[in-house]
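Visitor: quick one: sequence and predicted model below, then my questions.
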Amino acid sequence: MKRNGLKKLLLVFVLSALAVALGGCSGDKKEENSSQITIGIPQDLEDSLDPHKAVAAGTKEVLFNLFEGLVKPASDGSFIPAVASKYEESEGGKVYVFTLRDGVKFHDGSTVTAEDVKFSLDKCADASAGEPLVAAYSNIESIEVTDASTIVVTLKEANTEFIAYMTTAIIPASNSKADTNPIGTGPYKFVSRSPQENFIVTKFDEYWGDPANIADVTFKVCANADSIVMDLEGGSIDMFARVTSTQAAELSDEFEVLEGTMNLVQALYLNNLEKPFDDVRVRQALCYAIDPNEIMLMVSDGMGTEIGSSMFPAFSKYFVKELNDTYNQDIDKAKQLLADAGYPNGFSFTITVPSNYQQHIDTAQVLVQEFKNIGVDAKIQLIEWDSWLSDVYQNRKFQSTVVGVDASSLTAASLLERFTSTSSKNFINFNSTEYDAAFASAIASTDDAEKTSYYKDCQRILSEEAANVYIQDLPEFVALNKKYTGYEFYPLYVQDIAKLKLAE
Amino acid sequence: MKYVGKKLLTMFLTLFAVTLFVFLSFHVISGDPATSMLGTEATPIKVEALREELGLNDPVLLQYARWAGSFVTGDMGTSYSYRMPVSDMVADKIPVTLTLTVIAFFLMVAISIPLGIYTAKHAGGVVDRAIYMINQVIMAIPPFFSGILITLLFGRILKIFTPGGYVSYQKDFVGFVGYLFFPALAIALPKAAMAVKLLRSSVIGESKLDYVRTAYSRGNQTKAVLYKHVLKNALIPVVTFLGMALADMIAGSIIIEQVFSIPGIGRILLTSISNRDYPVVMAIIVCIALLVLVVNMLVDVVYGLIDPRISVE
């Protein structure tokens, strides 16, 4: 009896193991559903789903499909009316009048009212916690609803670029759970989220504009960077927005790799208060020591776009290409500058790099080699992104760091404002009265050509002062299964899924 | 009864020590939930306002007391990063990790017991030697590496499963269990190898004892002696090992989840640590600690069942 019992028990174990194994063979192949797509994202939306509170770039690029402002950015960098059907700028950029589009619906079926618009803008302009959610809104004098379909925004000081900030998502005043239940007006509506697993949206049938082409979209978290090619080839994801050039080369011809730019200012950011970087000659010496093209060649097979200041080429209106040549690699000059600054034998310093960004780590490694040529000994210190945020970005306790800085809105100011001496985002402690003056003039100017020329001055100052060692705007490779087509690059960090469609 | 009370008390103290330690260690490492939540949008004023809102400006022990107080009443709090109730997140993911562990445990038992008995019975034979060698190799390979090898072999070359093709248990339970089979195998293999070795030597050791000779002298067959007498005694150390292995496997699944992209407790735990999302980390640590403690207690009980001489006192 005993013996039989034991044998039976073993049999049960073996059989159940077998059953499980067989199950593994059957449940694999996904059904080919014509109108769905699974998009891999490198990290989850570990964030509030309230579009006004969400801060992570990865969250915003997904929420872009769910929310719209009075206006929204187009892929060419212009602004097109969205919840508003038209807008008028008057008094030289001091007053903006928006006319609400008729019959725009929220995802919960209710109609967008002027009160919802006022609620959304007020929420972002509310300064009771010290600062408004959208920093630029501190310039708002009043937000008034003049009739059922007109909203008037009056500024304290004229700003002809202010329309760029009116992309703030319009949300219903009635939604009490905005943090976890996003309701907007975009072409897709929220279905569900599972932490570290996926974020699911579906086509919003009552969307006012061109409807989305693909009905069901799953954003799947692919945290393991090493298995992205496998995930794509195995069919568990159809698209991944940021593959590396190595991964792109590994993909089979089932995939199309689209090339764009990341719209980041990648640089070796130098703490201008920290010795020896408080000396402009030392900063210039580092600029002379490096060659961005060599870095691009080593890091991404030569792809990427050289930059010479805090502006990337997608802002074609403001980008000053000549600044790329302010410092062409010149080892002798670099050594001379170092000697003048009192470092004839070089010095050593630390480059802090967030460990989750391989492209920045790779760049830092090339930099270390290039600095050796001028006798400067750089050491790479990898830290977690969260430590980077608190130590480097917030507390400014660092010597230098390699990161990419993006633009939070489609304005030159979003890239340049941080280097004014009083900006709370000026993590490199750059301090130049000339720069502050140029930036203030740019903001105050209401003439577009004049404004642009002031912004160009700002870039020139950053370059001449060698505020940072500018490197490149990183290349972006989007891997898309050939079953789909219609992907569009934006000069912002967003993924516009509504434009995707099935290939014929 | 006294035993149960004593056990519960030590369990409570262990949990207290573990949680306090984890809580304090968060205050030693750099990084802070407020800066983490605000990212590059952070300004000193916003950070300060958020710190105040989250109660991070209070003394550490007060924060701990507040957390422990609400935890005891069943409120695990709200995730800093996801802004959703921690209990929802944990309840959603615990089944994934538990299923993975249970499958791994079953596989370990299913592989090790038959092989252990076989090798003991045929000790010194060709098969025994071959298994001995394979065992040594498998024991030396950590689960994450065998996970990579399994992905390569079964996923890429033989194409039996789709790497990264995880399906949620709420959507397709069979597919879910099927996907977990290979990750579970990766966890089970090294432990199974150890169990085989242990059972083999335990059976051989028991076979040399006097009671076995007596059993033979009564005219019993080899098989009967083996299963009726030897195995019963030989299993005791193996059960201890299996219990320990089970606790270890819960921790092991956290690593394997990374290799096979399984969104279980481990993934949430790791990302929550890097987001400094204390409420989630604390809740998961308590769950894991509790599981390990319960498993240990079960092992004690199973001892008593196998061998009545071992009393739980």
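Guide: That came through fine. Residues are numbered from 1 along each chain as shown, chains lettered A, B, ... in the order given.
Visitor: how about chain B: which residue is closest to chain A?
Guide: Residue nearest to chain A within chain B: B:Gly175 (2.8 Å; CB to the nearest CB). Bear in mind the C-beta positions are built from the backbone N, C-alpha and C, glycine included.
Visitor: isn't that residue up against B:Val167?
Guide: Yes - at 4.3 Å, B:Gly175 and B:Val167 qualify as touching, with contact defined as CB atoms under 8 Å.
Visitor: hey, where'd the helices end up in the chain?
Guide: Since no chain was named, I'll use chain A. For chain A, the helices defined by DSSP state H cover A:2-26, A:57-63, A:114-125, A:228-234, A:245-250, A:280-289, A:292-300, A:331-340, A:358-372, A:385-387, A:412-416, A:433-444, A:448-464.
Visitor: that answer is for a different chain, and I need it for chain B
Guide: For chain B, the helices defined by DSSP H cover B:2-28, B:33-38, B:44-54, B:60-72, B:86-121, B:126-140, B:143-150, B:173-207, B:210-217, B:222-224, B:231-259, B:265-274, B:278-306.
Visitor: ok, back up a step: and the helices of chain A, which one's lowest on average pLDDT?
Guide: Averaged per stretch, pLDDT over those is lowest on helix A:2-26, reaching a mean of 50.
Visitor: what residues does the stretch 101-250 of chain B put near chain A?
Guide: Neighbours of chain A within the stretch 101-250 of chain B, by CB under 8 Å from any CB of the partner chain: B:103, B:106-107, B:109-110, B:113-114, B:151, B:155-156, B:160-168, B:172, B:174-182, B:223-224, B:227-228, B:231.
Visitor: could you rerun that using 7 Å?
Guide: Contacts of the stretch 101-250 of chain B with chain A, taken as CB under 7 Å from any CB of the partner chain, map to B:103, B:106-107, B:109-110, B:113-114, B:160-165, B:167-168, B:172, B:174-175, B:177-179, B:181-182, B:227-228.
Visitor: and the residue of the stretch 251-400 of chain A that's closest to chain B?
Guide: Per CB to the nearest CB, A:Asp386 is where the stretch 251-400 of chain A lies closest to chain B, at 3.8 Å.
Visitor: might one say that that residue is in contact with B:Ile29?
Guide: No - using CB atoms under 7 Å, A:Asp386 makes no contact with B:Ile29, being 9.2 Å away.
Visitor: the more surrounded of the two?
Guide: A:Asp386 (23 against 12; other CB atoms under 10 Å in any protein chain shown).
Visitor: could you check how far the more buried one is from A:Val62?
Guide: 21 Å (CB to CB, to the nearest Å).
Visitor: can you report how many residues lie near whatever residue of the stretch 401-504 of chain A ends up closest to chain B?
Guide: In the stretch 401-504 of chain A, the residue that lies nearest chain B is A:Ser424 (3.9 Å; CB to the nearest CB). For A:Ser424, the neighbour count with other CB under 10 Å is 15.
Visitor: likewise A:Asp126?
Guide: 13.
Visitor: next: B:Val102.
Guide: 15.
Visitor: and if you look at A:Ser142?
Guide: Using other CB under 10 Å, A:Ser142 has 11 neighbouring residues.
Visitor: for it, give me its contacts.
Guide: Shown in contact with A:Ser142 (CB atoms under 7 Å, 6 or more residues apart in numbering or on different chains): A:Thr154.
Visitor: that one pairs with what?
Guide: Beta bridges link A:Ser142 to A:Thr154 when assigned by DSSP bridges.
Visitor: so how far is A:Leu121 from it?
Guide: Counting by CB to CB, the gap from A:Ser142 to A:Leu121 is 10 Å.
Visitor: lowest-pLDDT helix or strand in the chain?
Guide: All of this refers to chain A. Every helix and strand of chain A was ranked by mean pLDDT, DSSP states H and E. The lowest is helix A:2-26, at a mean of 50.
Visitor: try chain B instead
Guide: Ranked by mean pLDDT, DSSP H and E, the weakest helix or strand in chain B is helix B:222-224, scoring a mean of 75.
Visitor: mind listing what's buried in that helix?
Guide: Under the neighbour-count criterion of 16 or more other CB atoms under 10 Å in any protein chain shown, helix B:222-224 has B:Ala224 buried.
Visitor: same check on stretch A:408-425?
Guide: Neighbour-count burial for stretch A:408-425 flags A:408-420, A:423, A:425 (criterion: 16+ other CB under 10 Å).
Visitor: just the strands from the stretch 201-350 of chain A, written as ranges.
Guide: A:216-221, A:239-243, A:255-261, A:264-270, A:305-306, A:348-354 (DSSP state E, counting those that start in this stretch).
Visitor: low-confidence ranges in the chain?
Guide: You didn't say which chain, so I picked chain A. For chain A, the stretches with pLDDT under 70 are A:1-34.
Visitor: chain B was what I was after
Guide: Using pLDDT under 70, chain B drops low at B:1, B:310-313.
Visitor: which residue is nearest the centroid of it?
Guide: For chain B, the residue nearest the mean C-alpha position is B:Ile250 (1.2 Å; CA atoms, centre = their mean).
Visitor: hey, C-alpha coordinates of stretch A:320-333 in CSV?
Guide: The C-alpha trace of stretch A:320-333 is given here as CSV (Å, rounded to 0.1, in the frame of the first residue of the first chain):
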residue,chain,number,x,y,z
VAL,A,320,22.7,77.6,-35.5
LYS,A,321,24.8,75.1,-37.5
GLU,A,322,28.0,77.2,-37.4
LEU,A,323,28.3,76.7,-33.7
ASN,A,324,29.3,73.1,-34.4
ASP,A,325,32.6,74.6,-35.5
THR,A,326,33.4,76.8,-32.5
TYR,A,327,35.6,74.1,-31.2
ASN,A,328,37.1,71.7,-33.8
GLN,A,329,39.3,69.1,-32.3
ASP,A,330,42.7,70.7,-31.5
ILE,A,331,44.8,68.9,-29.0
ASP,A,332,47.6,71.5,-28.9
LYS,A,333,45.2,74.3,-28.3
